[in-house]
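please work out how this folds:
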Amino acid sequence: MTLTMNVELPDSFSPELKSLLEGLLQRDVSKRLGCQGGSALEVKEHPFFKGIDWQQVYMQKYPPPLIPPRGEVNAADAFDIGSFDEEDTKGIKLLDSDQELYKNFPLVISERWQQEVAETVYEAVNADTDKIEARKRAKNKQLGHEEDYALGKDCIMHGYMLKLGNPFLTQWQRRYFYLFPNRLEWRGEGESRIIVEVKSRPFHRL
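Presented below is the predicted three-dimensional model:
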């Protein structure tokens, strides 16, 4: 844009900021800030950066004025951009002058953007994995608790079994059962124990 148009800076910009931007946007490379023999030192010594301790900047000691939300890709949503109709684009052709303009542009995704996307995917995958691991830990913890309940009692056997549940007894439900000499107990996840008394019957010899 600066190659074909003059950049107009807002009046709200300070004189130092205007001077900095005008120096960086000079079309003539020999007059451009940072290209007059002093390299980056020319930019560092500009009045806009007066009072800046560059060693502190290098050590990352200055608090950033803006911290974007972590994991948020700073780009417009695909639905906001919309799709390009073929009728609108098929008549557009790149000229040799267009190719010449962009010949030195690196056609790769910036390292910072790659890292941002990688971190977002990494966190999303880890979040799902953490949920699965949490469910496994809760299940194992519950199993250990159920086993502890049977310790020190006259429990004959205990473990998970399937029983028909719901009002119509048409759905198999997983329950933890305890078999005692005189009763049967079971419970499901988040449920209180259900105790069924077993009445003994006398045996008769034939």
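
mind giving me the domain split of the protein?
Listed by automatic domain parsing, the domain ranges of the chain are 1-64, 109-151, 152-206.

what segments of the chain are strands?
In the chain, the strands defined using DSSP state E lie at 157-165, 171-179, 183-187, 194-197.

where does the protein dip in pLDDT?
1-2, 71, 73-91, 106-110, 136-148, 151-152, 166-167, 169, 188-206 (pLDDT under 70).

at 50 what do you get?
203, 206 (pLDDT under 50).

all helices for it, in order.
15-24, 40-44, 54-58, 78-81, 86-89, 96-101, 111-150 (DSSP state H).

deepest-packed of those, please.
Mean neighbours per residue, mean count of other C-beta atoms under 10 Å, is largest over the helices of the chain for helix 15-24, with a mean of 14. (C-beta placed from N, C-alpha, C; glycine too.)

and the nearest residue to Val7 once chain neighbours are set aside, how many neighbours?
Closest residue in space to Val7, ignoring its immediate chain neighbours: Leu25 at 5.8 Å, by C-beta to C-beta, 6 or more residues apart in numbering. With neighbours defined by other C-beta atoms under 10 Å, the count for Leu25 comes to 14.
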